[in-house]
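> Task: produce atomic coordinates for the following.
(one chain, ligands or ions: 1)
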Amino acid sequence: LDNGLLKIPPMGWMAWERFRCDVDCQDDPENCISEGLFRDMADRLAEDGWRELGYEYIIIDDCWMSRLRDEQEKLQPEPSRFPGGIAKLARYIHDRGLKLGIYADMGTHTCMGFPGTTLDKIEIDAQTFASWGVDYLKFDGCYSNPVEQMQGYPLMSKALNATGRPIVYSCSWPAYLGGLPPNVNYSLLGDICHLWRNYYDIQDSWDSVQGIIEWFSDNQDDLQPAAGPGRWNDPDMLIIGNFGLSVDQARSQMALWAIMAAPLIMSNDLRNLANSARAILQNKMIIAINQDPMGIQGRRLLQEKSQIEVYWRPLSHSASALVFLSRRTDMPYLYHTSLAKLNYDAGSYEAYEVFTSSTVTGLNATTVFTVSINPSGVVMWYLIPQQKPRQSDTLYDQHK
Ligand SMILES: OC[C@@H]1[C@H](O)[C@H](O)[C@@H](O)CN1C(=S)Nc1ccc(F)cc1
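Take a look at the predicted model:
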């Protein structure tokens, strides 16, 4: 949706994958869906360097609502879990230089059975969110049919615009239609939403992450062209820092989400995060690749049976990101390739390996380089053409 928002993929934190629909604040006060949880995460984002790296949205997911709308038919938070109300929580989050996201569902109920937003409630719900100071809406699609969705998703886009408040609009619509043309019209999506969920929910496992990477790559001819500034494919949350991924597998999700120009929206416990997870999520070079202003989504270039895949994303200043992803599960192995094999133009490059921050200079299209990769691991290069210093670049000369 071309209204100035999300020129680059959103970054932030979302409750769902890690905290799900835990509403038991009696027995589990630290982890239940409550204002306290979101205040804790806002504190972490603001105090642990996340905000400065670009992680700015903190997004409430399902299970925040009271079971009933109020007497004016407005949605309201469950008072026992959000006693201060959403507007107050928004102020807490805004005071920390962060933005607040919230969740609603185009249909009679949310996926977990809380009040839905039927067509007649779209206007009032958009107005309510704007009045609370919400900056981002995730609009899910449970308990509705394709005809209602066809009306409701464009209608909510108009309703959000009519509030006069800039609100990022995330649409789950394509995920409910199989994610591919002809059932999904990606140019229409690009006109009404800033980002959209294309595929099944992510779960806390390497299997789930692999399945998402595979589906997005197998269908890249339909999906890659749909992405650009203000219109992003959303392969779902980063699960780095939870229980299902090894360090190599966590690096692989981060690398592929960077190549895919995907939202970097974590779902983990920032109050209790392993250093290895933090190092991956706070890797500045990977964030720079994901946030590249050209906003071109990358593609899978090469797939060698169940051995290795090679991904490439073009970046600004004729730089490139190159990812070698191991699909093996048995043993580490060496892989030889040359830029020529990846049909690179001539010239020489400086290459940075983003996880080991090692540098290789003078790489050119015919250089054969050897890569050793762990099972379900990844090597990620950030390739920069070596500029010939021009006369005017005396500064460059001095510092070379
Ligand atoms: O309830 C909300 C939850 C999260 O918001 C996900 O990101 C959304 O894609 C939808 N969602 C869930 S669990 N959806 C769902 C997933 C599987 C299923 F059998 C029934 C519902």
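
> Now for the one residue in the stretch 251-400 of the chain that gets nearest to the ligand, how many residues are close by?
For the stretch 251-400 of the chain, the residue closest to the ligand is Ser267, as judged by Cβ to the nearest ligand atom, at 9.1 Å. The way it works is simple: take the backbone N, C-alpha and C, and place the C-beta from them, glycine included. Ser267: 23 surrounding residues under other Cβ atoms under 10 Å.

> Quick one: residues contacting it.
By Cβ atoms under 8 Å, 6 or more residues apart in numbering, the residues touching Ser267 are Trp13, Met14, Ala15, Trp16, Glu17, Arg18, Phe19, Met237, Leu238, Ile239, Asn242.

> if you set the cut-off to 7 Å instead, what comes out?
Each residue near Ser267 by Cβ atoms under 7 Å, 6 or more residues apart in numbering is listed here: Met14, Ala15, Trp16, Glu17, Arg18, Met237, Leu238, Ile239.

> contacts with the ligand among those residues, please.
On the criterion Cβ under 6 Å from any ligand atom, Trp16 are the entries of those that sit beside the ligand.

> so where is the protein shaky, pLDDT-wise?
Along the chain, the parts satisfying pLDDT under 70 run over 387-400.

> At the contact with the ligand, which residues of it appear?
Trp16, Asp61, Asp62, Thr110, Cys111, Met112, Asp140, Cys142, Ser172, Asp201.

> show me where this structure has helices.
In chain order, the chain shows helices spanning 16-19, 35-47, 50-53, 86-94, 122-132, 146-162, 186-192, 206-218, 220-223, 247-259, 275-281, 284-290, 394-399, with DSSP state H as the criterion.

> I'd like the ones you listed laid out as JSON lines, including mean neighbour count.
Converted to JSON lines, these look like this (neighbours: other Cβ atoms under 10 Å):
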{"stretch": "helix 16-19", "mean neighbour count": "21"}
{"stretch": "helix 35-47", "mean neighbour count": "19"}
{"stretch": "helix 50-53", "mean neighbour count": "18"}
{"stretch": "helix 86-94", "mean neighbour count": "19"}
{"stretch": "helix 122-132", "mean neighbour count": "20"}
{"stretch": "helix 146-162", "mean neighbour count": "18"}
{"stretch": "helix 186-192", "mean neighbour count": "17"}
{"stretch": "helix 206-218", "mean neighbour count": "18"}
{"stretch": "helix 220-223", "mean neighbour count": "16"}
{"stretch": "helix 247-259", "mean neighbour count": "24"}
{"stretch": "helix 275-281", "mean neighbour count": "17"}
{"stretch": "helix 284-290", "mean neighbour count": "19"}
{"stretch": "helix 394-399", "mean neighbour count": "10"}
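
> Could you save those as JSON lines and add columns showing distance to Leu177?
Output for the helices of the chain, formatted as JSON lines (distance: least, Cβ to Cβ, whole Å):
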{"stretch": "helix 16-19", "distance to Leu177": "21"}
{"stretch": "helix 35-47", "distance to Leu177": "31"}
{"stretch": "helix 50-53", "distance to Leu177": "34"}
{"stretch": "helix 86-94", "distance to Leu177": "30"}
{"stretch": "helix 122-132", "distance to Leu177": "19"}
{"stretch": "helix 146-162", "distance to Leu177": "6"}
{"stretch": "helix 186-192", "distance to Leu177": "10"}
{"stretch": "helix 206-218", "distance to Leu177": "14"}
{"stretch": "helix 220-223", "distance to Leu177": "13"}
{"stretch": "helix 247-259", "distance to Leu177": "23"}
{"stretch": "helix 275-281", "distance to Leu177": "31"}
{"stretch": "helix 284-290", "distance to Leu177": "27"}
{"stretch": "helix 394-399", "distance to Leu177": "51"}
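
> Looking at those, which is nearest to Tyr311?
Minimum separation from Tyr311 across the helices of the chain (Cβ to Cβ) falls at helix 247-259, 4.7 Å.

> Could I have the CA atoms of the closest one written out in PDB?
Written as PDB, here are the backbone C-alpha positions of helix 247-259 (Å, rounded to 0.1, in the frame of the first residue of the first chain):
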ATOM      1  CA  VAL A 247      22.400 -22.100  16.300                       C
ATOM      2  CA  ASP A 248      23.100 -23.100  12.600                       C
ATOM      3  CA  GLN A 249      19.300 -23.300  12.000                       C
ATOM      4  CA  ALA A 250      18.700 -20.000  13.600                       C
ATOM      5  CA  ARG A 251      21.400 -18.400  11.400                       C
ATOM      6  CA  SER A 252      19.600 -20.000   8.400                       C
ATOM      7  CA  GLN A 253      16.300 -18.500   9.300                       C
ATOM      8  CA  MET A 254      17.800 -15.000   9.800                       C
ATOM      9  CA  ALA A 255      19.800 -15.300   6.500                       C
ATOM     10  CA  LEU A 256      16.800 -16.400   4.400                       C
ATOM     11  CA  TRP A 257      14.500 -13.800   5.900                       C
ATOM     12  CA  ALA A 258      17.100 -11.200   5.000                       C
ATOM     13  CA  ILE A 259      17.300 -12.500   1.400                       C
END
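
> list the contacts for Glu123?
Ala159.

> For the residue lying closest to Thr118 once chain neighbours are set aside, which residues are in contact?
Counting by Cβ to Cβ, 6 or more residues apart in numbering, the nearest residue to Thr118 once its immediate chain neighbours are dropped is Thr108, at 6.1 Å. Thr108 is in contact with Gly116, Thr118, Tyr143, counting by Cβ under 7 Å, 6+ apart.

> 8 Å instead, please
Contacts were defined as Cβ under 8 Å, 6+ apart; by that measure Thr108 touches Gly116, Thr118, Tyr143, Ser144.

> Let's have those residues in TSV, adding neighbour count.
TSV is the format used below for the contacts of Thr108 (neighbours: other Cβ under 10 Å):
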residue	neighbour count
Gly116	21
Thr118	17
Tyr143	16
Ser144	24
